[in-house]
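**Q** Sharing a model prediction with you, sequence too.
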Amino acid sequence: MEIGIIGLPQSGKSTLFEIMTGVKSREMHAETCVRGLAVVPDARFDRLAEIFRPERVSPAKVPFSDVNAVGEKAWDAVRQSLAGAEGLLHVVDAFIAADVPEILNRYRSLEDELALADLMIVENRLERLAKMAKKPLTPQDILHAHVLPLLKGQLEAGRPLRELILTEEERRGLKSFSFWTIRPELVVVNTPEENPAVADAFLREAGLSVPAIGICCAIEAELMALPPEEQKEFLESMGIAEAAFGRVIRASFSLLGRISFFTVGEDEVKAWVIPAGTKAPRAAGTIHNDFERGFIKAEAIGFEEFIACGGTHAGAKAAGKLRLEGKEYVVRDGDIINFRFNV
Ligand SMILES: Nc1nc2c(ncn2[C@@H]2O[C@H](COP(=O)(O)OP(=O)(O)OP(=O)(O)O)[C@@H](O)[C@H]2O)c(=O)[nH]1
Ligand SMILES: [Mg+2]
């Protein structure tokens, strides 16, 4: 689970990465790829931490990667560094080019490059497959021979691969190619300080098929440079309720189809990150293998209900709201869970 930051040179990638993760990527010239974790803002988590006042808090985090690459080999470095990234965050510079057609041009110029890179991989593989026609084919070869022409058509039509409807098996079979346009993408429009509304105009007019958010990295960087107690004042003076980078992190988190459930107690309040649709035993396994192996039941309650019951397990139990869920239970976002297991 990782999100790779991409964008044209000098679009504000490292600035955004630094705001979100606190890792000073621009000072780390020697490192081609800088990784950092961003805390996912979650009011429910904060509330639970307030209630339990635990020794440790462990909120959900999203890993981001920022590539510092210049020169001729930059593209290769980006490709290699981000091969394992599950999702992409595309930063589009709108802080100099503040009119919509030009912003769109910038967005498209990188998207076209990504699609072209994917097309080259597809064509290479198809050529190699054609050459081995007389040799015995592996199941992987057969899958590729069957699916890749479909991908080729899609890319030639100027459409990203993520729009194709593929089976799980096909997706798995294509994984090793690390295609750019098959991965989920979030667009971040980096707006000029004096015209934040240009992002809205862009989002209205561009007709993107992927989620997008406008943010002014320069303002947010200023904000993050302040001591925490002054940050709130700064936001209020700008008439903003929440820093926009928090929304970017949250959107990145849902981009990857992740949800979180909570474990609570006086020692620790922790948000556990799982793919949406995960059943209780697998979710228990993220805490410890033994929890999955010896899974008996999940004692679960939704966050809202927990609060409605006075924010205690005793209250929840008395109200009959503590559910005992079995192996087939699909964990919901915001569940507070206590696993019963036996090994
Ligand atoms: N005015 C303005 N300048 C910005 C903004 N965000 C970034 N910059 C400036 O743009 C320049 C590039 O920012 P970076 O964050 O290093 O951009 P980058 O995409 O990481 O650049 P490369 O890694 O060199 O491709 C820096 O001089 C920043 O100060 C913004 O929102 N507004
Ligand atoms: Mg950079």
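**A** Cool, got the structure. Ligands and ions are numbered 1, 2, ... in the order given.

**Q** how about the helices in this structure?
**A** Per DSSP state H, the chain carries helices over the ranges 13-21, 43-52, 74-81, 100-131, 139-156, 168-174, 198-206, 217-224, 228-238, 244-255, 280-287, 289-293, 303-308, 313-318.

**Q** Quickly note the distance from residue 7 to residue 193.
**A** 19 Å (C-beta to C-beta, to the nearest Å). All C-beta spots, glycine's among them, are computed from the backbone N, C-alpha and C.

**Q** Mind checking which of the two has more residues around it?
**A** Neighbour count, other C-beta atoms under 10 Å: between residue 7 and residue 193, residue 7 has more, with 24 against 11.

**Q** can you pull up the bridge partners for the more buried one?
**A** Per DSSP bridges, the residues bridged to residue 7 are residue 91.

**Q** quick one: contacts for it?
**A** Counting by C-beta atoms under 8 Å, 6 or more residues apart in numbering, residue 7 makes contact with 13, 90, 91, 92, 93, 110.

**Q** can you redo the residues you listed as TSV with distance to ligand 2, pLDDT and neighbour count?
**A** Shown next, in TSV, are these (distance: C-beta to the ion, whole Å; pLDDT from 0 to 100; neighbours: other C-beta atoms under 10 Å):
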residue	distance to ligand 2	pLDDT	neighbour count
13	5	93	27
90	14	96	23
91	10	95	27
92	14	94	29
93	12	92	22
110	14	91	17
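
**Q** This protein - how does it break down into domains?
**A** The record's domain parsing of the chain by automatic domain parsing lists 1-43+60-95+184-258, 109-180, 277-341.

**Q** what's near enough to touch residue 22?
**A** 36, 224.

**Q** meant to ask about residue 329
**A** By C-beta under 8 Å, 6+ apart, residue 329 lies in contact with 279, 280, 298, 300.

**Q** ok, now how distant is the residue in the chain sticking out farthest from the centre from ligand 2?
**A** Centroid-distance maximum for the chain: residue 134 at 43.0 Å, with C-alpha atoms, centre = their mean. Separation of residue 134 from ligand 2 (C-beta to the ion, to the nearest Å) stands at 48 Å.

**Q** list the contacts for the residue of the stretch 1-150 of the chain found nearest ligand 2?
**A** Nearest residue of the stretch 1-150 of the chain to ligand 2: residue 14, at 3.2 Å (C-beta to the ion). Residues near residue 14 by C-beta under 8 Å, 6+ apart: 25, 26, 66, 68.

**Q** All good on my end, thank you.
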